[in-house]
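Participant: The sequence and its predicted three-dimensional model are supplied below.
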Amino acid sequence: MRLDRFLRERGYGSRKEIQDNIRKGKVSVDSEIVKDPEFRVPEGAEVCFGGQPAEKSRYICYLLNKPSGCVTARTDENHPVVMDLIPSDVPDLAPVGRLDKDTEGVLLITNDGELAHRLLSPKYHVPKKYYAECRSPFPEEAKTLLENPMVFQDFTTEGAVFEKLTDSSAYLTVTEGKFHQVKRMFLKIGCEVTYLRRESFAGLTPEGLAPGEYRKLSEEETTALRKASGLEE
């Protein structure tokens with residue numbers, strides 16, 4: 001594997017940042033300084049960055065089954081926050097996007113800022129599936145309206161996947177992560193959401209986790225997320 005890719009997979013910056021640091025002599029392989037980003041790292045070699053062994057990954061990602069009543073923020077003066085539910089000393093942890101205070105379900109929390117940005121970007125089409133209950137029945141044209149682009153003042157949706165369950169409950173899968181997006185989409189067709197839960201994010205579900213419980217993603221799950229967001233081939 002190329003040295004620059006080796007370091008990128010371990011979270012040492014963007015490709016350009018890593019290549020710059022390699023050329024500056026900050027990286028060694030088996031105690032020898034290597035300044036060629038395309039250098040092929042031998043299997044089992046010790047790679048050091050800034051004199052310290054390059055760990056498997058400096059990044060970590062948790063999946064939280066967010067309970068209702070908890071604010072998606074690092075801190076809040078008036079309400080409990082999701083970060084209180086994950087007792088971790090990992091620096092720079094932050095939620096990936098936001099779930100409303102009364103919304104439940106899958107919330108990813110990571111210190112990988114680039115991954116978080118890409119997971120929310122419409123450019124990468126990462127699916128987020130929601131279960132919604134509404135105050136009134138869906139109109140006959142609900143599927144057509146929701147699955148085609150909807151224009152709002154601050155953004156336009158790329159269309160969604162609507163799966164009707166009852167006259168007033170359904171799954172809705174979107175690929176954006178805009179503020180109050182799902183509630184606003186249903187409201188636009190005349191249906192106020194009374195209950196909302198995120199069922200999955202990039203295929204990850206809260207199965208086995210009670211509300212308020214969390215788990216660390218496996219290496220395989222993290223790799224799949226990075227591939228879904230275009231960070232890895």
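Facilitator: Looks like it arrived, so ask away.
Participant: what packs against the longest strand along the chain?
Facilitator: As assigned by DSSP state E, the longest strand anywhere in the chain is strand 193-201. On a contact count with 3 or more C-beta pairs under 8 Å, 6 or more residues apart in numbering; DSSP states H and E, strand 193-201 meets strand 104-110, strand 128-134, helix 181-188. Where C-beta positions appear, they are placed from N, C-alpha and C, glycine not excepted.
Participant: between it and strand 128-134, how many degrees?
Facilitator: Interaxial angle, strand 193-201 versus strand 128-134 (axes from the mean of the first three to the mean of the last three C-alpha atoms, to 10 degrees): 160 degrees.
Participant: Checking my notes, residue 78 in a helix, right?
Facilitator: No: counting by DSSP: H, G, I helix; E, B strand; the rest coil, one finds residue 78 to be coil, located in no helix.
Participant: From residue 101, how far off is it?
Facilitator: From residue 78 across to residue 101, the span is 10 Å (C-beta to C-beta, to the nearest Å).
Participant: So those two - more neighbours on which side?
Facilitator: residue 101 (16 against 5; other C-beta atoms under 10 Å).
Participant: residue contacts, the more buried one?
Facilitator: 68-72, 79 (C-beta atoms under 8 Å, 6 or more residues apart in numbering).
Participant: Would you map the helices across the protein?
Facilitator: Secondary structure of the chain (DSSP state H): helices at 3-8, 15-23, 113-120, 142-147, 181-188, 219-228.
Participant: re earlier: buried among the contacts of residue 101? Make that a ChimeraX selection.
Facilitator: A single ChimeraX command selects the buried members of these (16 or more other C-beta atoms under 10 Å):
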select :70,71,72
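Participant: mind giving me the domain ranges of this structure?
Facilitator: The chain breaks down into these domains under automatic domain parsing: 3-53, 59-121+210-233, 127-201.
Participant: Need the distance between the two termini of the first one.
Facilitator: Taking C-alpha to C-alpha, to the nearest Å, the span from the opening residue of domain 3-53 to its closing residue is 14 Å.
Participant: per-residue confidence averaged over it?
Facilitator: For domain 3-53, mean pLDDT is 89.
Participant: Now flag whichever of the contacts of residue 101 is closest to residue 152.
Facilitator: Of all those, residue 152 sits closest to residue 72, with 20.6 Å by C-beta to C-beta.
Participant: Report the contact partners of the closest one.
Facilitator: Here residue 72 is in contact with 66, 81-82, 95, 97-101, 107 (C-beta under 8 Å, 6+ apart).
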